[in-house]
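S.K.: my questions concern the predicted model and sequence given below.
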Amino acid sequence: GENVEQHPSTLSVQEGDSAVIKCTYSDSASNYFPWYKQELGKRPQLIIDIRSNVGEKKDQRIAVTLNKTAKHFSLHITETQPEDSAVYFCAASQRGNKLTFGTGTQLKVEL
Amino acid sequence: DAGITQSPRHKVTETGTPVTLRCHQTENHRYMYWYRQDPGHGLRLIHYSYGVKDTDKGEVSDGYSVSRSKTEDFLLTLESATSSQTSVYFCAISDQGMDEQFFGPGTRLTVL
């Protein structure tokens, strides 16, 4: 089955800096790659996603890039703010909408 | 948030007892999923449903069963709860032809 690895497990940045979280996947048939943000005690919230026919997607301060050849994708957050502090999960879907998640990155934005 | 509710939101039970968690949606979405979330493991798929009475196993299905008798309800049953099933359980839904999954608020289950 699919295996998704996510790095780093924790990330601390200064407010205003950029943050990058990286994921790799194993199944070349995977074609959908969402990113979720989860605040403490809350549900995971979809923040951005990308499909295999696209190399990059942006939404305001967040962007995702996909390298199908290398089977990795990344989340980029620019101009980080304290409210960006949360756990971020990447995921990959190979068929039938079954998502395989990474183990999460705890992002802390320090003032 | 999408119209997804889970009940109960918190439950403490004892080893060996049966437990049923409920996921209810008002979106009329075809697909429903049960995940468990544990530190260091992210979210792992337990079972999913692709229609009424149509279900299939995920990667961590041992010790769990599911049922879906109506579009809006997806039940997760632990036949005989064990301490290793202490976790936070999330339900998710997605619509036919759409990749996006939306999560419910979660159920925190503690098995003593």
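M.R.: In hand now; what should we look at?

S.K.: can you pull out the strands in the chain?
M.R.: Assuming you mean chain A. A:4-7, A:10-14, A:19-25, A:32-38, A:45-51, A:56-59, A:62-67, A:72-77, A:86-93, A:99-101, A:105-110 (DSSP state E).

S.K.: wait, chain B
M.R.: B:4-7, B:10-13, B:19-25, B:31-38, B:42-51, B:54-57, B:64-70, B:73-78, B:87-94, B:102-103, B:107-111.

S.K.: now these in JSON lines, with mean pLDDT, distance to chain A and mean neighbour count?
M.R.: Backbone N, C-alpha and C define where each C-beta goes, glycine included. Listed next are those as JSON lines, based on pLDDT from 0 to 100; distance: least, CB to the nearest CB, whole Å; neighbours: other CB atoms under 10 Å in any protein chain shown:
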{"stretch": "strand B:4-7", "mean pLDDT": "97", "distance to chain A": "9", "mean neighbour count": "18"}
{"stretch": "strand B:10-13", "mean pLDDT": "98", "distance to chain A": "11", "mean neighbour count": "13"}
{"stretch": "strand B:19-25", "mean pLDDT": "98", "distance to chain A": "12", "mean neighbour count": "19"}
{"stretch": "strand B:31-38", "mean pLDDT": "96", "distance to chain A": "6", "mean neighbour count": "23"}
{"stretch": "strand B:42-51", "mean pLDDT": "94", "distance to chain A": "4", "mean neighbour count": "21"}
{"stretch": "strand B:54-57", "mean pLDDT": "94", "distance to chain A": "8", "mean neighbour count": "14"}
{"stretch": "strand B:64-70", "mean pLDDT": "97", "distance to chain A": "14", "mean neighbour count": "16"}
{"stretch": "strand B:73-78", "mean pLDDT": "98", "distance to chain A": "14", "mean neighbour count": "20"}
{"stretch": "strand B:87-94", "mean pLDDT": "97", "distance to chain A": "5", "mean neighbour count": "23"}
{"stretch": "strand B:102-103", "mean pLDDT": "95", "distance to chain A": "4", "mean neighbour count": "22"}
{"stretch": "strand B:107-111", "mean pLDDT": "98", "distance to chain A": "9", "mean neighbour count": "18"}
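
S.K.: for chain B, what are the nearby residues on chain A?
M.R.: Counting by CB under 8 Å from any CB of the partner chain, chain A comes close to chain B at A:1, A:6, A:32, A:34, A:36, A:42-46, A:49, A:51, A:89, A:91, A:93, A:96-104.

S.K.: could you redo the last one with a cut-off of 10 Å?
M.R.: A:1-2, A:4, A:6, A:9, A:31-34, A:36, A:38, A:41-46, A:49, A:51, A:87, A:89-91, A:93, A:96-104 (CB under 10 Å from any CB of the partner chain).

S.K.: out of those, which are buried?
M.R.: A:2, A:4, A:6, A:31-34, A:36, A:38, A:43-44, A:49, A:87, A:89-91, A:93, A:97-104 (16 or more other CB atoms under 10 Å in any protein chain shown).

S.K.: counting neighbours, what do you get for B:Gly104?
M.R.: 28 (other CB atoms under 10 Å in any protein chain shown).

S.K.: for it, give its distance to chain A.
M.R.: For B:Gly104, the distance to chain A equals 6 Å [CB to the nearest CB, to the nearest Å].
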